[in-house]
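> Here is my input, please return the structure:
(one chain, ligands or ions: 2)
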Amino acid sequence: MQVVLDVDTGVDDALAILLALRSPAMDVRAITCVAGNADVDQVVANTLRVLDAASAPDIPVARGMTRPLVEPPRPARHVHGEDGMGDLGLPRSQRSPVGIHAVELLRTTLASATEPITLIPLAPLTNIAVLVRTYPELLDRIDRIVLMGGAAAVGNATAAAEFNVWHDPEAAAIVLDSGVPTTMYGLDVFYEPVVPVADVQALVSAADPARQLAGRLMQHQLARFGAATVTLGDAGAVAAVLRPDLLWTARHPVRVELAGTWTRGRTVVDQRPRAIDLDHDELGSGGLVDVALRVDGPALAALFLEVLRTR
Ligand code: RIB
Ligand code: CA
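Ligands and ions are numbered 1, 2, ... in the order given. Down below sits the predicted model:
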């Protein structure tokens, strides 16, 4: 399947990129970068380093929006380190991003696609929102958006909101209401696919640079959070695209809170019975989204380790 990744690399974005690049079932057509975990230039530099570790072909990588539509950038150094990717001291890549804006790369990639594209945003949705508003005529080239973001029940950036949606709530509202078939891989499943310490150690000591990078990234998270297991994070969303049979979703109206003092950036997932039949005009906008509520975490984690084990 032909995929495009939108990233804010990002420790777990890096894991997701490695999985997508190493999966024989995925043809990564483009990677677009956006401000989120780190500033957009750092995100580009980190993404190119991941391509180096994977000995990837010349996949086009583009620099996108430098800040959210309304909010200022709010990087997550406390989670991803000062450089946004675990402060591993990786050498700068010799690769360069393409000379067009990420939204233009999305446009050209969709316009020239030989089959519908699966778009996998793993970051604040600023690039995708600008695409939706600028080139609505290209949205039918997208087979499905599978985004890491939001949650039906919990938050992480705040008590109410998940980081990618919290970082740019207006962008999330635009994308979730775009009408494109969308799967929301949110915090309700995000923490389920975990890798135990022993497997992390095996990756760290691997000769293959891609496996070693995956191990070092996860080792950073283990140290950061002092846990015995580390979540795949964004890589879980990519794994779920590879194995949709390991993800259970339910279709609900989803709205993004834009006004709440303590709840701005919350994805309000309307799970009331028959909410889907209500007249959304009277309820205001709210796209119908396939919300991930359960996942086979161990199977997704095993898939990640298996794909990375094979060159
Ligand atoms: O809330 C987790 C999400 O925010 C992940 O995509 C992580 O990389 C950050 O972007
Ligand atoms: Ca991310």
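
> Next up, the contacts around the closest residue to Asp52 other than its chain neighbours.
Ranked by CB to CB, 6 or more residues apart in numbering and with sequence neighbours excluded, the top spatial neighbour of Asp52 is Ser93, at 5.0 Å. (Each C-beta comes from the backbone N, C-alpha and C, glycine too.) Taking CB atoms under 8 Å, 6 or more residues apart in numbering, we find Ser93 in contact with Ala45, Leu48, Arg49, Leu51, Asp52.

> Mind checking what secondary structure Ser93 has?
coil (DSSP: H, G, I helix; E, B strand; the rest coil).

> Just the helices from the chain, written as ranges.
Using DSSP state H, the helices found in the chain span residues 11-22, 40-53, 77-80, 102-111, 126-134, 163-167, 169-176, 187-190, 197-204, 209-225, 234-242, 280-283, 297-309.

> rewinding a little: dihedrals phi and psi, the residue nearest to Asp52?
Main-chain dihedrals, Ser93, degrees, to the nearest 10: phi -80, psi 150.

> how close does it sit to Ala102?
17 Å (CB to CB, to the nearest Å).

> Please apply the same query to Thr231.
26 Å.

> Just want to know which of the two has more residues nearby.
Taking other CB atoms under 10 Å, Thr231 and Ala102 do not tie; Ala102 has more neighbours (29 against 21).

> and the more buried one, what does it touch?
By CB under 8 Å, 6+ apart, the neighbours of Ala102 are Asp6, Thr32, Cys33, Val34, Ala62, Arg63, Gly64, Met65, Asn127.

> Let's see that with 6 Å instead.
Counting by CB atoms under 6 Å, 6 or more residues apart in numbering, Ala102 touches Thr32, Ala62, Gly64, Asn127.

> which of the residues you listed sit farthest apart?
With CB to CB as the measure, no two of these lie farther apart than Ala62 and Asn127, at 8.9 Å.

> And the two? Which one has more around it.
The residue with more neighbours, out of Ala62 and Asn127, is Asn127; 30 against 25, by other CB under 10 Å.

> wait, that one sits on Met65?
Yes: if you go by CB atoms under 6 Å, Asn127 and Met65 touch, sitting 5.5 Å apart.

> where do the contact lists of those two overlap?
Val34.

> Could you check how far whichever residue of the stretch 51-200 of the chain sits closest to ligand 1 is from ligand 2?
Nearest to ligand 1, among the residues of the stretch 51-200 of the chain, is Phe163, at 3.6 Å (CB to the nearest ligand atom). Separation of Phe163 from ligand 2 (CB to the ion, to the nearest Å) stands at 8 Å.

> Not counting its neighbours along the chain, what's nearest that residue?
Leaving out its chain neighbours, the residue that sits closest to Phe163 by CB to CB, 6+ apart is Ala157, at 4.1 Å.

> thought Ala38 was touching Arg74?
No: look at Ala38 against Arg74 with CB under 6 Å: they stay out of range, at 11.0 Å.

> the more surrounded of those two?
A count of neighbours by other CB under 10 Å puts Ala38 above the other of Ala38 and Arg74, at 26 against 16.

> for the closest residue to that one other than its chain neighbours, what are its contacts?
Computed as CB to CB, 6+ apart, the closest residue to Ala38 that is not its neighbour in sequence is Gly84, at 2.8 Å. Taking CB under 6 Å, 6+ apart, we find Gly84 in contact with Asn37, Ala38, Gln42, Asn46.

> now swap in Arg266 and tell me
Contact partners of Arg266, counting by CB under 6 Å, 6+ apart, are Ala160, Ala161, Glu257.

> and the chain, which residues reach ligand 1?
Applying CB under 6 Å from any ligand atom, one finds that the chain approaches ligand 1 through 8, 10, 12-13, 36-37, 122-123, 148, 156, 162-164, 233-234.

> Please name the spatially closest residue to Ala161 (chain neighbours excluded).
Here the residue nearest Ala161, using CB to CB, 6+ apart, is Gly265, at 3.3 Å.

> Tell me how many other residues surround the residue of the stretch 151-300 of the chain found nearest ligand 2.
Nearest residue of the stretch 151-300 of the chain to ligand 2, counting by CB to the ion: Asp234, 4.8 Å away. Neighbours of Asp234 under the rule other CB under 10 Å: 30.

> That one and Ala14 touch, don't they?
No: Asp234 is beyond contact range of Ala14, at 8.5 Å (criterion: CB under 6 Å).
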